[in-house]
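Enquirer: Could you look at this predicted model? Sequence included:
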Amino acid sequence: MQTSLQGRANVSVMTKWEYATLPLIIHATKQILDQWGDDGWELVAVVPGPNGNAPVAYLKRPKA
């Protein structure tokens, strides 16, 4: 008796990602993130910038 996996290739597809970081201008945050989102980027995190006054956004999207 053949199992469902016999005779089939067991291929695991792993998504490869590319990443971007960008400083956010507080008065234009929505417009900046909307533009990057339209280009396929997903927001992962926003953290305080190195100087403490401009937050930095971390984004990712699948590699083409």
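Expert: Noted; the coordinates are in hand. Numbers count the residues shown, from 1 in each chain.
Enquirer: rest of the way, CA atoms for contacts and neighbours
Expert: Will do.
Enquirer: Where do the helices of the protein begin and end?
Expert: 29-38 (DSSP state H).
Enquirer: in it, which spans are strands?
Expert: 17-23, 42-47, 56-62 (DSSP state E).
Enquirer: Out of these, which is the most enclosed?
Expert: Here the criterion is mean neighbour count by mean count of other Cα atoms under 10 Å, and of the strands of the chain the winner is strand 56-62, at a mean of 17.
Enquirer: Note down every partner strand of that strand and its orientation.
Expert: The pairing partners recorded for strand 56-62 under DSSP bridges are strand 17-23 (antiparallel), strand 42-47 (antiparallel).
Enquirer: what's the offset of the shortest one from the middle of its chain?
Expert: In terms of Cα atoms, centre = their mean, to the nearest Å, the centre of strand 42-47 is found 8 Å from the chain centre.
Enquirer: next one: the longest one
Expert: Here strand 17-23 is found 7 Å from its chain centre; the criterion is Cα atoms, centre = their mean.
Enquirer: returning to what we had before: mind giving me CSV with the strands of the chain and columns for distance to residue 35 and mean pLDDT?
Expert: Output for those, formatted as CSV (distance: least, Cα to Cα, whole Å; pLDDT from 0 to 100):
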stretch, distance to residue 35, mean pLDDT
strand 17-23, 12, 96
strand 42-47, 11, 97
strand 56-62, 12, 97
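Enquirer: Those into TSV, with extra columns for distance to residue 34?
Expert: Listed next are the strands of the chain as TSV, based on distance: least, Cα to Cα, whole Å:
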stretch	distance to residue 34
strand 17-23	13
strand 42-47	10
strand 56-62	12
